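>>> Pasting the sequence and the predicted coordinates here, then a few questions.
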Amino acid sequence: MGQAFEEFIEVGPDGTAYIRGTDIAVADIIFVYNNSGGSFAAIARHFPELSEEQVDAAFLYFEENTAQVYRDLANRY
């Protein structure tokens, strides 16, 4: 990717990570990915407004903050 996820990810006051400038949480992207059998095409269908770089950043954030994203998943779904 070449760029840090911080450029694309912001953490809200509740600790939930979002794609910067959107109301799409990293947990939402991971939820779609996990529930589609690991399909990046499903992410593109559910979130057509996101760039590849934004999705990559979400996965980088998830790699480094797995426990937090799973807590967010539990709270959202």
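That came through fine.

>>> Select the longest helix from the protein.
Counting residues, the longest helix found in the chain (DSSP state H) is helix 52-64.

>>> what element comes up after that helix heading to the C-terminus?
Remark: after helix 52-64, the chain's next helix or strand is helix 66-76, criterion DSSP states H and E.

>>> I'd say residue 73 and residue 31 touch.
Yes - taking contacts as C-beta atoms under 8 Å, residue 73 lies within contact range of residue 31: 6.0 Å. Yep, even glycine has a C-beta here, placed from its N, CA and C like the rest.

>>> Quick check: pLDDT value at the residue nearest the centre of the chain.
Nearest to the geometric centre of the chain sits residue 26, at 2.2 Å (C-alpha atoms, centre = their mean). Note for residue 26: predicted pLDDT of 98.

>>> ok, now how distant is it from residue 69?
Look at residue 26 and residue 69: by C-beta to C-beta, to the nearest Å, they are 6 Å apart.

>>> Could you name every residue contacting both of those two?
17, 61, 62 (C-beta atoms under 8 Å, 6 or more residues apart in numbering).

>>> follow-up on the earlier one: residue 5 versus the residue nearest to the centre of the chain, what's the distance?
Residue 26 is 9 Å from residue 5, where distance means C-beta to C-beta.

>>> Find the residues that touch each one of these two.
58, 61.

>>> Contacts only, for residue 73.
Taking C-beta under 8 Å, 6+ apart, we find residue 73 in contact with 27, 30, 31.

>>> now swap in residue 42 and tell me
Neighbouring residues of residue 42 by C-beta under 8 Å, 6+ apart: 32, 33, 36.

>>> Report the buried residues of the helix or strand hosting it.
Using DSSP H and E, residue 42 sits within helix 40-46. Residues of helix 40-46 classed as buried: 43, 46 (neighbour count, 16 or more other C-beta atoms under 10 Å).

>>> starting at the chain centroid, how far to that helix?
Relative to the centre of its chain, helix 40-46 is centred 12 Å away, using C-alpha atoms, centre = their mean, to the nearest Å.
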